[in-house]
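K.L.:
Pasting the sequence and the predicted coordinates here, then a few questions.
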Amino acid sequence: MAIQWFPGHMHVTQKAIAERVKDIDVVIELLDARLPGSSANPMLAELTGHKPGLKVLNKQDLADPERTAQWLAHYNAQPDTRAIGLDASLSTPAQRLIAACHELAPNRGGMAKPMRVLICGIPNVGKSTLINTMTGTKKAKTGDEAGITKLEQRIVLADDFYLWDTPGMLWPRIIVPKSGFNLAASGAVGRNAYDEELVALELLATLKKDYAGLVETRFKLAESIADLSDEEALEAIARKRGALLGKGKVNTQKTAEVVMHEFRNGSMGRITLETPDAFSQWFAAGLQADAERAEKKAARSKKKKPQRGGDDAPTATPRPAEPDAAA
């Protein structure tokens with residue numbers, strides 16, 4: 001199953017960012033610390049790649065701290081890039097963001113040259129909550145649903161620091177299948193764009209490999225889920241939670257919703273679904289598959305196109321003679 005979600009307002013956001021970035025000094029991209037690679041927007045990199053960038057790994061209190069350290073080191077090794085982690089426990093995140101932006105653009109500041117910053121991110125990454133925490137007001141709508149923010153707005157964090165908030169934006173085509181599943185599991189994709197049972201099964205496959213103990217503890221499972229298939233693991237959770245239908249059958253739909261909800265709110269523990277090395281391999285495979293897909297499409301198009309000349313070339317219908325202008 002290929003997961004794709006790019007509603008109309010995201011296309012509008014894309015054009016707005018392309019226009020706004022001309023006057024921006026630093027671009028902040030808010031990432032989900034549980035899936036930093038999958039939540040980084042490749043289209044945003046194309047739009048803003050010539051600007052200094054601050055990668056903010058949000059929700060780090062829900063993520064595996066060891067893997068968060070790997071991702072921070074990965075991004076901090078890139079040119080013109082700084083990376084920091086944020087979480088819900090920080091009462092004054094604005095100070096860290098302002099300081100990091102001044103490191104990236106040291107010549108900006110003061111009323112004559114105020115810092116101009118654009119903040120972007122995928123849907124449901126916590127951007128609106130972060131902005132409300134920074135400003136101490138409820139300037140941005142929040143909720144556990146993708147696509148709540150629809151309009152750009154300017155926010156003044158300090159007399160010489162202007163922040164432009166943009167709606168959450170994915171990209172037109174997700175070429176890494178694993179990223180599609182991770183984004184759906186995190187809540188970044190609209191619910192009508194994926195099958196919840198399939199996403200929950202894919203999530204369990206990852207958790208079985210890297211965080212089996214957390215799942216077994218959370219759902220009080222007697223058996224080791226490493227020895228179970230993904231479907232058997234989902235069924236075991238269903239029976240423990242009493243998600244049953246008639247005649248002993250399990251309600252897999254309800255159980256899928258439970259598994260994803262408890263991942264999203266951190267009830268299972270601190271979990272990160274990807275490492276820099278793993279994501280790099282997924283991305284390389286995605287690029288290769290995308291190139292092969294494009295090559296096959298071009299070959300089919302060439303095959304359908306009529307060839308000029310030869311016995312198989314279509315015969316042109318002769319045009320009637322033009323009347324003599326002198327007649």
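P.N.:
Structure's in. What do you need?

K.L.:
can you give me the helices for the stretch 1-150 of the chain?
P.N.:
Counting by DSSP state H, counting those that start in this stretch, residue ranges of the helices within the stretch 1-150 of the chain are 8-20, 42-48, 65-76, 93-104, 127-135.

K.L.:
and the ones you listed, which one's lowest on average pLDDT?
P.N.:
The stretch with the lowest average pLDDT out of the helices of the stretch 1-150 of the chain is helix 8-20, scoring a mean of 76.

K.L.:
Which parts of the stretch 151-300 of the chain are strands?
P.N.:
Counting by DSSP state E, counting those that start in this stretch, the segments of the stretch 151-300 of the chain that form strands are 153-158, 161-165.

K.L.:
Can you list the buried residues in the helix or strand of the chain with the lowest mean pLDDT?
P.N.:
Lowest by mean pLDDT, DSSP states H and E among the helices and strands of the chain is helix 8-20, with a mean of 76. Residues of helix 8-20 classed as buried under the neighbour-count rule (16 or more other CB atoms under 10 Å) are 10, 13-14, 16-17, 20. Any C-beta I mention is one placed from the backbone N, CA and C, and that applies to glycine too.

K.L.:
if we take those residues, which one ends up nearest to N132?
P.N.:
Nearest to N132 among the buried residues of helix 8-20: T13, at 19.8 Å, using CB to CB.

K.L.:
any idea how far D165 is from that closest one?
P.N.:
T13 sits 11 Å away from D165, taking CB to CB, to the nearest Å as the criterion.

K.L.:
Same check on T275?
P.N.:
Counting by CB to CB - T275 and D165 are separated by 30 Å.

K.L.:
Name the residue in those two with the higher neighbour count.
P.N.:
Comparing T275 with D165 by neighbour count (other CB atoms under 10 Å), the higher total belongs to D165, at 22 against 18.

K.L.:
Surely that one is in contact with V156?
P.N.:
No: look at D165 against V156 with CB atoms under 8 Å: they stay out of range, at 11.7 Å.

K.L.:
So which of the helices of the stretch 1-150 of the chain is the most surrounded?
P.N.:
Among these, ranked by average contacts under mean count of other CB atoms under 10 Å, first place goes to helix 127-135 (a mean of 20).

K.L.:
Run through the neighbouring helices and strands of that helix.
P.N.:
The helices and strands touching helix 127-135, judged by 3 or more CB pairs under 8 Å, 6 or more residues apart in numbering; DSSP states H and E, are helix 93-104, strand 115-121, strand 153-158, strand 161-165.
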